[in-house]
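Undergrad: quick one: sequence plus predicted model below, questions after.
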Amino acid sequence: MSSEIICTKTIPAHFARGIYYPTRILEIKMDPYPDNPRENYDHVGTMVCFHRNYNLGDNHDIDVGDFDTWDEVEEHLYADCGAEIVLPLYLYDHSGITMNTTGFSCSWDSGKVGFIYASKENIEKMMLLDPENMTPEQTEHIREILKDEVEGYDDYLKGDVYYWILKDKDGERIDSCYGYYGYPSGIKDILAEHQLDPDDY
């Protein structure tokens with residue numbers, strides 16, 4: 001399946017570490033089949049979502065119908081799921097969906113859909129920290145990790161995922177790589193990897 005070309009850059013012929021590299025063409029495209037980061041990557045957080053139209057976040061066995069309020073769901077995460085840090089999740093649904101941890105200004109098309117939490121077990125196993133004796137700085141660091149996980153998932157939901165193809169001057173493929181999340185950060189990462197100025201984009 002072809003995908004939209006975001007930008008094309010020429011990498012001039014040059015020597016690097018005694019090796020001659022001929023002129024090459026770098027194409028950056030939208031990734032038509034991005035990996036779901038909740039399924040294909042390790043993460044500190046567990047994303048628990050409830051929505052009648054979308055299958056969001058991680059698999060879980062919590063029935064939102066067992067609770068009367070979001071506060072009760074959050075209490076359940078702390079009391080029964082080993083949560084140490086919990087952040088809310090909000091979804092905006094209008095000509096596509098987008099998610100964050102802070103909420104959206106349009107209450108008509110948005111609302112809370114769940115939580116992302118870091119369990120004591122994951123903090124100990126993945127962060128190598130004692131969840132009972134974390135410093136405020138360590139706690140804030142984990143909060144930022146959870147926010148980053150939500151941002152990466154949001155990039156996936158919005159389709160802001162990119163890949164690059166490196167071609168020779170005749171258009172023959174030399175190499176490619178997928179899985180750059182975020183606009184414009186993913187594109188800037190690709191340009192930087194190929195020694196092109198990200199600020200040119």
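TA: Received, thanks. Numbering: from 1, shown residues only.

Undergrad: give the contact list for the nearest residue to Tyr78 once chain neighbours are set aside.
TA: In space, Tyr78 comes closest to Val86 once its chain neighbours are excluded; the distance is 6.8 Å by Cβ to Cβ, 6 or more residues apart in numbering. Every C-beta, even on glycine, is put in place using the N, C-alpha and C of the backbone. Contacts of Val86 were listed using Cβ atoms under 8 Å, 6 or more residues apart in numbering, and they are Glu74, Leu77, Tyr78, Phe115, Ile116, Tyr117.

Undergrad: Val86 bridge partners, please.
TA: Note on Val86: beta-bridge partners Tyr117, judged by DSSP bridges.

Undergrad: helix or strand: which one has Asp71?
TA: Following DSSP states H and E, one finds Asp71 within helix 70-80.

Undergrad: report the buried residues of that helix.
TA: Neighbour-count burial for helix 70-80, counted by 16 or more other Cβ atoms under 10 Å, picks out Trp70, Val73, Glu74, His76, Leu77.

Undergrad: what of stretch 8-19?
TA: Lys9.

Undergrad: list the contacts of it.
TA: Residues from elsewhere that reach stretch 8-19 (Cβ under 8 Å, 6+ apart): 20-28, 166, 191, 194-196, 200.

Undergrad: check stretch 117-132 too.
TA: For stretch 117-132, contacts defined as Cβ under 8 Å, 6+ apart pick out 42, 44-46, 48, 77, 81-87, 134, 138, 142, 145-146.

Undergrad: quick one: buried ones out of the residues you listed?
TA: Counted by 16+ other Cβ under 10 Å, those give 44-46, 48, 77, 81-87, 134, 142, 145-146 as buried.

Undergrad: show me which pair in those residues is furthest apart.
TA: Greatest spatial distance in those: Val48 and Met134, 21.9 Å, computed using Cβ to Cβ.

Undergrad: strands along the chain, start to end?
TA: Assigned by DSSP state E, the chain shows strands spanning 5-11, 14-16, 19-21, 24-30, 45-49, 83-93, 97-100, 110-119, 161-168, 173-181.

Undergrad: tell me which residue is most central in this protein.
TA: Of all residues in the chain, the one closest to the mean position by Cα atoms, centre = their mean is Gly152, 1.1 Å from it.

Undergrad: end to end, how far does stretch 57-72 reach?
TA: 19 Å (Cα to Cα, to the nearest Å).

Undergrad: just the buried positions in the helix ranked longest in the chain, please.
TA: The residue-count maximum for a helix in the chain (DSSP state H) belongs to helix 136-158. Buried residues in helix 136-158, counted by 16+ other Cβ under 10 Å: 139, 142-143, 145-147, 149-157.

Undergrad: and it, how far out from the chain's middle?
TA: Offset of helix 136-158 from its chain centre (Cα atoms, centre = their mean, to the nearest Å): 8 Å.
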